[in-house]
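>>> Take this sequence and fold it.
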Amino acid sequence: MPYPPPLTPEERLADAKQQLDLPRIVVICGSTRFMTEMTKADLRETSAGRIVVKPAFDMKSPHQLWSVPVEAEALRARLDDLHRAKIRLADEVLVVGSYIGDSTRAEITYARSLGKPVRFTHPHVDPGA
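Numbers count the residues shown, from 1 in each chain. Model prediction:
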């Protein structure tokens, strides 16, 4: 009698979330120019009983953490990796804003490659529509 194939890491994560009876996890994506809208979306999603993860800050605003260009570039790369990890963790993606730039487009492509559902606050900007 053949054994079933082992679960993938994604399947193990989904199983663990189900066993823990966790609410759906939504990751918010979009241009950081829409940080105010992201905060509003966070409130709506949280009020609907979902766990929300999103970008924590806007690197376009001045701050000492990214005042040195070389350090800012390294931080940006770490934040990109962190955001991809948030996408892997999430059950679905919510894209906020009326504009889709290259980074957000790449996040949407990545999420869809993982089979994650993607919603839009402005559906007309969906690059896959």
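
>>> now for the biggest helix by length in the chain, which elements pack on it?
For the chain, the longest helix by residue count, based on DSSP state H, is helix 69-89. Packed against helix 69-89 by the contact rule (3 or more C-beta pairs under 8 Å, 6 or more residues apart in numbering; DSSP states H and E) you find helix 9-19, strand 25-29, helix 102-113. C-beta here means a position set from N, CA and C on the backbone, and glycine is covered the same way.

>>> which residues does the residue nearest to the spatial centre of the chain contact?
With distances taken as C-alpha atoms, centre = their mean, V27 lies nearest the centre of the chain, 3.7 Å away. When the contact criterion is C-beta atoms under 8 Å, 6 or more residues apart in numbering, the partners of V27 are V52, V53, K54, H83, K86, I87, L89, A90, E92, V93, L94, A111.

>>> Which PyMOL command selects the buried ones in those?
When burial is assessed using 16 or more other C-beta atoms under 10 Å, the buried subset of those is captured in PyMOL by this command:
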select buried, resi 52+53+54+83+86+87+90+92+93+94+111
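
>>> Turn the contacts of V27 into JSON lines, columns for distance to D102 and pLDDT.
Below are these laid out as JSON lines (distance: C-beta to C-beta, whole Å; pLDDT from 0 to 100):
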{"residue": "V52", "distance to D102": "24", "pLDDT": "98"}
{"residue": "V53", "distance to D102": "21", "pLDDT": "97"}
{"residue": "K54", "distance to D102": "19", "pLDDT": "93"}
{"residue": "H83", "distance to D102": "14", "pLDDT": "95"}
{"residue": "K86", "distance to D102": "18", "pLDDT": "96"}
{"residue": "I87", "distance to D102": "16", "pLDDT": "97"}
{"residue": "L89", "distance to D102": "23", "pLDDT": "95"}
{"residue": "A90", "distance to D102": "21", "pLDDT": "97"}
{"residue": "E92", "distance to D102": "22", "pLDDT": "97"}
{"residue": "V93", "distance to D102": "16", "pLDDT": "98"}
{"residue": "L94", "distance to D102": "19", "pLDDT": "98"}
{"residue": "A111", "distance to D102": "15", "pLDDT": "96"}
